[in-house]
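>>> here's a sequence, model it:
(chains A and B)
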Amino acid sequence: MTKHTNDRLQGTLDLLVLKTLAARGKMHGYAITMHVERVSEEILRLEEGSLYPALHRMTQAGCLKSEWSVTESNRRARYYSITAAGRRQLAEEQRNWAALTGAVARVLQFT
Amino acid sequence: MSWWNRLTNLFRGRDLHSEIGEELQFHLDARIADNLASGMPPDEARRDALRRFGGQLLAMDRSRDADILVWIETIGQDIRYAWRSLRRAPGVTAVALASLTIAIGANTAIFSVVNAVLLRALPYHEADRLAIVWSTGTLNGSQEIKTSVPNFEDWKSRSHSFADLAAYREDAAPLYLATGDPERIDYAYLQGDLFRLLGRSAALGRVFTGDEQESRVAVLSNGLWKRRFGSSPGAIGQSLNVGGIDLQVIGVMPADFGFPSKETQLWTPAGAFPRFDERRVQRDAGFGVVIGRLQPNASVESARAEMSVIASQLAKQYPKEDGERGVNIVPLAAQIHGKTVPYMLALLFGAVGFVLLIACANVANLLLARGAVRSGEIALRTALGAGRLRIARQLLTESVFLSAAAGVLSLPLVAWGIRALIALAPAHIARLEEARLDARVLAFGIGLSLATGVLFGLAPAVRIPKQAGRSRNTRGPQSQIVRRLLVVAEVALAMVLLTGAGLLLRSFVAVQSVDPGFQGQHVITAKLRFRDPLLRVQRAALYREAIGRIGRLPGVSAVGSITGMFYNPEGGKFGLRAVEGRGPESRDRWAPLTWSTISGDYFQALGIPLLRGRFFSDRDNANASPVVMINETMARRYWPGEDPLGKGIKGFDPRGHNDEWVRVIGVVKDIHSRGLDRAPMAQIYETQAQSPDETEYMVVRSETSVAAIRDTIRNLDKTAVWSDVSTLDDELRGLGAPRRFQTLLLSLFAAIALALAGVGIFGMMHYSVAQRTQEIGIRMALGARPGSVVGMVLREAGVLVAAGVGFGLAGSLGLTRLIRGLLFGVSAGDPLTLAGVAILLTAIALLACSIPARRAASVDPMLALRCE
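Numbers count the residues shown, from 1 in each chain, chains lettered A, B, ... in the order given. All right, here's what the predicted structure looks like:
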């Protein structure tokens, strides 16, 4: 589960998805996009073209599990939720992110 | 976990695909709905939703199913388009079709023969596990010696490499049925369970097994059954007599069964062989050819290793009989084909391959030339949005369409070619006559056509879109180079083929002019056999009487007979046991040598002159001291510079009453008894009166008819069988048949190659002149004479032909070495042949250029200038 740690961009997308699902439970792809946009006050917009490949990749890696379900508007959609492995991955990604931002902050604060 | 998912994805690929589609569609729809809700106009809402996805969605759009449909549809378009554009240039299309049809047809026809003779499995169960186990002579290098009955039994009990071993002994003898004339047939004695070993059973009745060695039964070939029993089931249980043995028919084999050869017409257990019981204890008397079925875990190599150990054990155990016996194992297929047939077919296949390459170069060139003409059309299509790849594919489709059409057109040619090949081929090529246009040959033809289309279509498909990519009327210099290279390659390939054919033709002429050493005109040959069992003296008397009676027929000038006249050119080496006044001959000096028995006026009938001494006379009988005549080669071998007359020799079988010296009484001229292209070998002739052998091969120098001779024989003895009637000229021609066949076909292919190369040069120069019309016009307007214009065209062609001849020369010197074994009286790099071929090619090239050159010379300067 240590894939992608050297890939910041990818890692960021994974981190956002994992965190969103950890906080909100079962969601479909579009709802994840909306959640990230809303919480980040429209500053973060997920690249939708890469969202689904990421979701499928993480599902295959066992971080997420998916199932078909029906939306409020009575349409079929694929819902994703986080697994135990996903939570471990999330913790790891969060640590990496903190380390990275901390490091960047220290560089910026250096005068 | 992930590998499991990936694996399952593989199996539900289609399902997964539609699920992803649905998931994305849901996302898009949701986004559009939200956009609409936030007040965007519908168009904008949709575009925004798509934009957010970026390029990914487009990729997803190309679903697999749709791809295949589009592909099929455009192929259909391409083919329709190809048809139209080929029809627009009927001349080019006709030439291309004709050359491809001939080339593909020739290749497919040759393939059908290769397939029938070499590639198809033999009609036995797991035929690749069958092998012939030969005894060998370790001292004189004989590779194919029959195995004695005791050795066979020992091999069988001691070896573990073979699931089973059996043996066969071929023979030929008169066959007598209750009705009809006697005839001479080839048949085989079988030792062991041969039918089971081959995995074949009878079509009618049954076959015999290894336990029936003592029964007097016969299994008939399908051909014999049809011919003599009218395919009647009543044949089973009938009695017949072959070689003096009474047999009862128990079965008939299927039509495709012909073991060991298709001439074999009857099989009987080895126990029926006369005095077989004596053979059981004669370890030094070769009896049959052993065939084995390898165990599943054994290979030819491992079997060879094991058998050579067994052979050396036997050599120790029985030094007198087996001291010089080794073992050699040859896979059955290799044994049947021998060495010459695969070599001959490889040669022919190589030659037609060259023809195909030349045709490909030719058609590629034609299409390139046409591509230049079509550059306007293609530029237009490019402007309308067709990608370079799309146009390349269109061009490739045209090529493949063309070659597929040629493939179809070649089918009648193939059918005719197969018949012609079977008719022309030398006799005794196993399974040749089974060559036909079957599914496998058809598949080969289709595959070859498609491959050909891709091969010659590749250059145009790559080059033409590039040309068109540039401005309209510039033909890239690169394309000119490609086209010139193609012409050079054509000329070079044609040169190699022509050189090969030229060398073979010269060899053929040289062989034809060899003096065989005898006069074959008006000599009738035939085999004569009398009914067994007869005492030797009785039979000898019958032969003497037959020779006397035929000799008295009007028109007959001489009659004689011999044990056998022509010999296998690959026959073994032999020597004498003793030569009077010499030490024993060392084995490494052994060379081909025959010891044959003659009767009557054999030498006079053939016109073989006596050089020294005398012919046999009536005084040379069983009670007189043994004498022989020899030929020149024999005299040179043992008595160089000496008079051989009166010298004594001993062969391996004792002669006279007490193993006396056999004295030389005469020397005759050499004859080419192994074929005209082989040097004569040492020959010893013994008279029948002093020999145990029968002289069944009759030679009659005669102006009279065969029928008169046949009647004479019949009046002499009702049971006499007069067969294999031919003339000495025909026999000689038969010996030369393989050479004639190869020379004829190679010459034919070389002629086709020459014609194709001529067409190629013509096409190239025709196009070149057409393109340079303006330039030529300007030159002529500026005062160039027609002669100098012609010179310009010829110079251009001359460079190409010279380059082609140069490369062809190099190729010829390398490749003609492969046919060195076929050459006679001419060397592989024969300068005369090479020069002749180069001149011939140049002449054809000049001829091909003459029309374009004349056209160039007749260009009207004004018209040419107005052209633009």
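
>>> element containing B:Ser768?
helix B:737-771 (DSSP states H and E).

>>> which elements pack onto that helix?
helix B:90-114, helix B:340-373, helix B:388-424, helix B:477-512, helix B:786-815, helix B:831-857 (3 or more Cβ pairs under 8 Å, 6 or more residues apart in numbering or on different chains; DSSP states H and E). (Each C-beta comes from the backbone N, C-alpha and C, glycine too.)

>>> of those, give the one that comes closest to chain A.
Of all the helices and strands packed on helix B:737-771, helix B:388-424 sits nearest to chain A, with 25.8 Å by Cβ to the nearest Cβ.

>>> that closest one to helix B:90-114, inter-axis angle?
50 degrees (axes from the mean of the first three to the mean of the last three Cα atoms, to 10 degrees).

>>> tell me the buried residues in helix B:388-424?
Within helix B:388-424, the residues that count as buried by 16 or more other Cβ atoms under 10 Å in any protein chain shown are B:391-407, B:409-411, B:413-415, B:417-418, B:421-422.

>>> just to revisit the earlier point, now the helix holding B:Ser768, how far from the centre of its chain.
Relative to the mean C-alpha coordinate of its chain, helix B:737-771 is positioned 23 Å out (Cα atoms, centre = their mean, to the nearest Å).

>>> what are the buried residues along stretch B:790-800?
Within stretch B:790-800, the residues that qualify as buried are B:790-794, B:796-797, B:800, counting by 16+ other Cβ under 10 Å.

>>> so after the host helix or strand of B:Asn35, what's the next helix or strand?
For B:Asn35, the host element (DSSP H and E) is helix B:13-37. Downstream of helix B:13-37, the first helix or strand assigned by DSSP H and E is helix B:42-53.

>>> mind checking how far the closest residue to chain B within chain A is from A:His28?
As assessed by Cβ to the nearest Cβ, chain B sits closest to A:Gly49 within chain A, at 3.4 Å. Distance of A:Gly49 to A:His28, given as Cβ to Cβ, to the nearest Å: 17 Å.

>>> ok so, going back, next, the angle from the particular helix or strand that has the residue of chain A closest to chain B in it to helix B:42-53.
Assessed by DSSP H and E, A:Gly49 sits inside helix A:48-61. Using the same axes, to 10 degrees, the direction of helix A:48-61 lies 50 degrees away from that of helix B:42-53.

>>> low-confidence stretches in the stretch 351-500 of chain B?
Along the stretch 351-500 of chain B, segments meeting pLDDT under 70 span B:372-373, B:375-376, B:380-387, B:467-479.

>>> could you pick out the longest helix of chain A?
Looking across chain A with DSSP state H, the single longest helix is helix A:84-109.

>>> B:Leu266 falls within a helix, correct?
No - applying DSSP: H, G, I helix; E, B strand; the rest coil, one finds B:Leu266 to be strand, outside a helix.

>>> can you give me the end-to-end distance of stretch B:133-151?
One end of stretch B:133-151 to the other measures 12 Å (Cα to Cα, to the nearest Å).

>>> what residues sit buried inside that stretch?
B:133-138, B:142, B:144-151.

>>> roughly how far out does that stretch sit from the chain middle?
28 Å.

>>> how close does the residue positioned nearest the centre of chain B get to B:Val117?
By Cα atoms, centre = their mean, chain B has its centre lying nearest to B:Leu345, at 2.9 Å. As judged by Cβ to Cβ, B:Leu345 and B:Val117 stand 7 Å apart.

>>> quick one on the thing from earlier: of the buried residues of stretch B:133-151, closest to chain A?
B:Val133 (61.4 Å).

>>> ok, and the closest non-adjacent residue to the closest one?
Distances taken as Cβ to Cβ, 6 or more residues apart in numbering or on different chains place B:Val290 nearest to B:Val133, at 4.3 Å, with adjacent residues excluded.

>>> re the thing from before, what's the residue nearest to the centre of chain B in contact with, if anything?
B:Leu345 makes contact with B:110, B:113-114, B:117-118, according to Cβ atoms under 8 Å, 6 or more residues apart in numbering or on different chains.

>>> any idea how far B:Pro680 lies from chain A?
For B:Pro680, the distance to chain A (Cβ to the nearest Cβ, to the nearest Å) stands at 83 Å.

>>> if anything else comes up later, I'll come back, but that's it for now.
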